[in-house]
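In: predicted model follows, preceded by the sequence.
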Amino acid sequence: MKRLAFLAATALAAALPGSHATAAGPADFRARAPQDEVVYFVLPDRFANGDPKNDRGGIKGDRLKTGFDPASKGFYHGGDLKGLTARLDYIQGLGATAVWFAPIFKNKPVQGPKGDESAGYHGYWITDFTQVDPHFGTNAEFKAFIDAAHARGMKVYMDIVVNHTADVIQYREIQKNGYPYHSKANYPFSRKGGVNGAPVNPGFGDDSDSSAANWARLVDPSFAYTPFVPKGEETVKVPAWLNDPAYYHNRGNTNWVGESAQYGDFVGLDDLATENPRVVAGFIDIFGSWIDRFGVDGFRIDTAKHVNPEFWQAFVPAMLARAKVRGIPNFHIFGEVATGEFDPALLAGWTRKAGLPSNLDFAFAVSAVSAASGSRGTEQLARLFDDDVLYEGGATGALIQPTFLGNHDAGRFAMLMQQLNPKMDAEELLGRDMLGHAMLLGLRGVPVIYYGDEQGFIGHGGDQLARQDMFASKVPQYNDQPLVGSSATTARDNYNPQHPLYRLIAELSAIRRDTAALTSGRTVVRMFSDKPGLFVVSRFDPQTGREVVLAFNTANTMQSARVPVAARSLSFTPLAGQCSPSADAPGSYTVTLAPLGYAWCAAKD
């Protein structure tokens, strides 16, 4: 097909090794601002198995004890830190300058009701916040990974959890249908088991009073349910203070609405009382220690919106100060304020009321996926940049919001596009996948590549269905699907640097790194539509004012139009794709793109 030939020729010819191949050296990596990075997000368990001896985490027994079952999508598969370290060449070759990985802290190996158990391979069921999970390796191997990445000039971002721990605490009340949320109004701190219960916690005012004196009066945690720690698990959590139910909300499961979003257990996980100053101080010590010991370069914060804003107002400055003392001036903190909707105001609000420096940009993901899929026009994507003023710091603050196309929860980019545009054939899917990554790497924000997307992984859904193995997989639900742009499946290793998506991402990442307008430049929207077609923006070098025109065609037909540009932008050179060499007149420039094509055109002056 002519369209695929054009796209492949443009991407592959541009991606040949050249002057863009080398990232910034190790001597200056600390000086890079967050927006200068291209981030690679990986689940260590699913990436590379460097040491089969740790597959079972040093635990004896069957899969319900060890958590290891490489044929099940919900259990450990064997990936580890040694494997990740050994594959740094592959990650850096893709153009990534920073690695963000799912939590590597020690987890409860298996949890869940009988017959529906799964393992903590993803890292979000933490019991010990001070050490690496033995399935992934050791603290020494984590240090070796950090050192190896830093020697290459690459940064490392840890995924951390404050909202909850593993599901250890149980409730004495017997419930037939789980443990519904018990509100503060119906189950106040001052009564045992409801408003008509016996008085408890005399003198405790309210959890909005963060003083240590106030919280010292909260001695009985049985105001909603009666929490207890099962026999044999009394000391499973580290540090030791985490074993005390008094430091948890103990109000039952969240229903995701209103008050329960902050106080409810996240699908049974033990929800911490982050209003308590002891909890605040405890987590500052825990995560500050990882900065002190290993010199990590940033934190992604899981479930950030389920924690009270006051916690972040204390935690964020403490972490930035800790990092500065360690010689890390650009420590990047970004929260997860998850939403499946286009809602920039929600994301921006947490940068203002909670002081989170940035959040994963779900609004970008929603608008970019819908635009790249061809299921709607580009007006929502254009609106995204109008709303950048909402962030703390305005449009400048928006530059450090990590942008992405798919992830381990919502699902992969290719799958999301297929859901929106199910009539696409394999050729169109590859073209739209390439187009979306061109958007991700050219538009404002910190681009995050989800591991495996560069090899054309698709998946059948979100969560466990979007967490395929890079090494040869034994999971039938993964291996039954061909990959985008390849005849391969996940039944074999997929570290192919010649894959068209890998080569495209590598080249565009290099161009981005070398072009200040694409990392730190302001955005001016030039053209959009309520139907698939041309989407054009200009970005400007913050020092010289030099303009770079970014044009994308989301339609299946060739598109051509004049767009406004700066009057001084009279001649252009292509950074990627094909560009008209000169303006039609001062202030007017013609963009012509093949179906699903894109072009990055830099003004010479």
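Out: Noted; the coordinates are in hand. All of these numbers come straight from a predicted model, not from anything done at the bench.
In: now do the contacts for Pro227.
Out: Applying C-beta atoms under 8 Å, 6 or more residues apart in numbering to Pro227 gives the contacts Ile169, Gln170, Tyr171, Arg172, Pro221, Pro245, Tyr248, Asn250. Heads up, the C-betas are built off the backbone N, CA and C, glycines and all.
In: test my guess that the third one contacts Val229.
Out: No: at 11.2 Å, Tyr171 does not count as touching Val229 under the criterion of C-beta atoms under 8 Å.
In: re earlier: now distance to Gln419, secondary structure and neighbour count too, for the contacts of Pro227, in TSV please.
Out: Below are the contacts of Pro227 laid out as TSV (distance: C-beta to C-beta, whole Å; DSSP: H, G, I helix; E, B strand; the rest coil; neighbours: other C-beta atoms under 10 Å):
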residue	distance to Gln419	secondary structure	neighbour count
Ile169	37	coil	24
Gln170	38	strand	17
Tyr171	38	strand	18
Arg172	43	coil	9
Pro221	43	coil	22
Pro245	42	helix	20
Tyr248	37	strand	23
Asn250	38	coil	24
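In: ok, which pair from these is furthest apart?
Out: Farthest pair in those (C-beta to C-beta) is Arg172 and Tyr248. Separation: 14.6 Å.
In: neighbours of Pro109, just the number please.
Out: 27 (other C-beta atoms under 10 Å).
In: got the contact list for it?
Out: Contact analysis of Pro109 by C-beta under 8 Å, 6+ apart lists Gly57, Ile59, Lys65, Thr66, Gly67, Tyr76, Ala119, Gly120, His135.
In: what distance do you get for it to Glu117?
Out: 10 Å (C-beta to C-beta, to the nearest Å).
In: show me where the stretch 451-600 of the chain has its strands.
Out: Using DSSP state E, counting those that start in this stretch, the strands of the stretch 451-600 of the chain run over residues 522-527, 534-540, 547-553, 559-564, 572-576, 588-593, 598-603.
In: got the phi and psi for the closest residue to Thr226 other than its chain neighbours?
Out: Excluding the flanking residues, the one nearest Thr226 by C-beta to C-beta, 6 or more residues apart in numbering is Arg172, at 4.1 Å. When read as degrees, to the nearest 10, the backbone of Arg172 gives phi -70, psi -30.
In: same deal with Arg432?
Out: The phi/psi pair for Arg432 (degrees, to the nearest 10) reads phi -70, psi -30.
In: thought the residue nearest to Thr226 was touching Tyr225?
Out: Yes: contact criterion C-beta under 8 Å: Arg172 and Tyr225 qualify, at 7.4 Å.
In: wait, what's in contact with the residue nearest to the spatial centre of the chain?
Out: Taking C-alpha atoms, centre = their mean, the centroid of the chain lies closest to Leu360, which sits 6.1 Å from it. Shown in contact with Leu360 (C-beta under 8 Å, 6+ apart): Arg300, Phe334, Gly335, Glu336, Val337, Ala338, Gln401, Pro402, Phe404, Asn407, Val448.
In: same check on Pro476?
Out: Ala71.
In: any idea how far Ala33 is from it?
Out: According to C-beta to C-beta, Pro476 and Ala33 sit 44 Å apart.
In: tell me where the stretch 51-200 of the chain has strands.
Out: In the stretch 51-200 of the chain, the segments counted as strands under DSSP E, counting those that start in this stretch are 98-101, 105-107, 110-111, 118-119, 126-132, 155-161, 170-171.
In: let's have these in JSON lines, adding distance to Tyr179 and mean pLDDT.
Out: JSON lines is the format used below for the strands of the stretch 51-200 of the chain (distance: least, C-beta to C-beta, whole Å; pLDDT from 0 to 100):
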{"stretch": "strand 98-101", "distance to Tyr179": "32", "mean pLDDT": "98"}
{"stretch": "strand 105-107", "distance to Tyr179": "22", "mean pLDDT": "98"}
{"stretch": "strand 110-111", "distance to Tyr179": "15", "mean pLDDT": "98"}
{"stretch": "strand 118-119", "distance to Tyr179": "19", "mean pLDDT": "98"}
{"stretch": "strand 126-132", "distance to Tyr179": "20", "mean pLDDT": "98"}
{"stretch": "strand 155-161", "distance to Tyr179": "21", "mean pLDDT": "98"}
{"stretch": "strand 170-171", "distance to Tyr179": "6", "mean pLDDT": "96"}
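In: redo those as TSV? Include distance to Leu320.
Out: Formatted as TSV, the strands of the stretch 51-200 of the chain follow (distance: least, C-beta to C-beta, whole Å):
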stretch	distance to Leu320
strand 98-101	17
strand 105-107	21
strand 110-111	34
strand 118-119	34
strand 126-132	20
strand 155-161	14
strand 170-171	37
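In: between those, which one is closest to Trp241.
Out: strand 126-132 (10.8 Å).
In: could you check the angle the closest one makes with strand 155-161?
Out: 160 degrees (axes from the mean of the first three to the mean of the last three C-alpha atoms, to 10 degrees).
In: how about strand 126-132: buried residues?
Out: Ile126, Thr127, Asp128, Phe129, Val132 (16 or more other C-beta atoms under 10 Å).
In: the residue nearest to Ser580 when sequence neighbours are not counted - how many residues pack around it?
Out: Leaving out its chain neighbours, the residue that sits closest to Ser580 by C-beta to C-beta, 6+ apart is Thr590, at 5.2 Å. By the criterion of other C-beta under 10 Å, Thr590 has 13 neighbours.
In: Thr590 contacts Gln559, doesn't it?
Out: No: between Thr590 and Gln559 there is no contact under C-beta under 8 Å: 11.1 Å.
In: how far off centre is stretch 190-197?
Out: Stretch 190-197 sits 41 Å away from the centroid of its parent chain (C-alpha atoms, centre = their mean, to the nearest Å).
In: now do the same end-to-end measure for that stretch.
Out: Chord length of stretch 190-197, first to last residue, is 9 Å (C-alpha to C-alpha, to the nearest Å).
In: touching that stretch from outside, list them.
Out: 182, 186-188, 198-202, 204, 220, 222-224, 226.
In: give me the buried stretch members for stretch 373-387, please.
Out: Ser373, Gly374, Ser375, Arg376, Gly377, Thr378, Gln380, Leu381, Ala382, Leu384, Phe385, Asp387.
In: identify, from the residues you listed, the entry nearest to Phe364.
Out: Leu384 (6.1 Å).
In: which element is that closest one on?
Out: If you go by DSSP states H and E, Leu384 is part of helix 379-386.
In: show me what that helix is packed against.
Out: Contacts defined by 3 or more C-beta pairs under 8 Å, 6 or more residues apart in numbering; DSSP states H and E place helix 379-386 against helix 362-373, strand 522-527, strand 534-540.
In: quick one: residues contacting Val484.
Out: By C-beta under 8 Å, 6+ apart, the contact list for Val484 reads Ala414, Ala426, Leu429, Leu430, Asp433, Gly456, Phe457, Ile458, Leu501.
In: excluding its backbone neighbours, what's nearest it?
Out: Gly456 (3.4 Å).
In: do Val200 as well
Out: The shortest distance from Val200 to any non-neighbouring residue, by C-beta to C-beta, 6+ apart, is to Asp220 (4.2 Å).
In: check contacts around the one you found.
Out: Asp220 neighbours (C-beta under 8 Å, 6+ apart): Lys192, Val200, Asn201.
In: residue contacts, the second one?
Out: In this case it means Val200. Here Val200 is in contact with Phe189, Ser190, Arg191, Lys192, Val219, Asp220, Ser222, Phe223 (C-beta under 8 Å, 6+ apart).
In: now do it against Gly194, distance only.
Out: Distance from Val200 to Gly194, by C-beta to C-beta: 11 Å.
In: equivalent analysis for Pro422, please.
Out: Separation of Pro422 from Gly194 (C-beta to C-beta): 50 Å.
In: out of these two, which sits in the busier spot?
Out: Using other C-beta under 10 Å, the more surrounded residue of Pro422 and Gly194 is Gly194, with 12 against 9.
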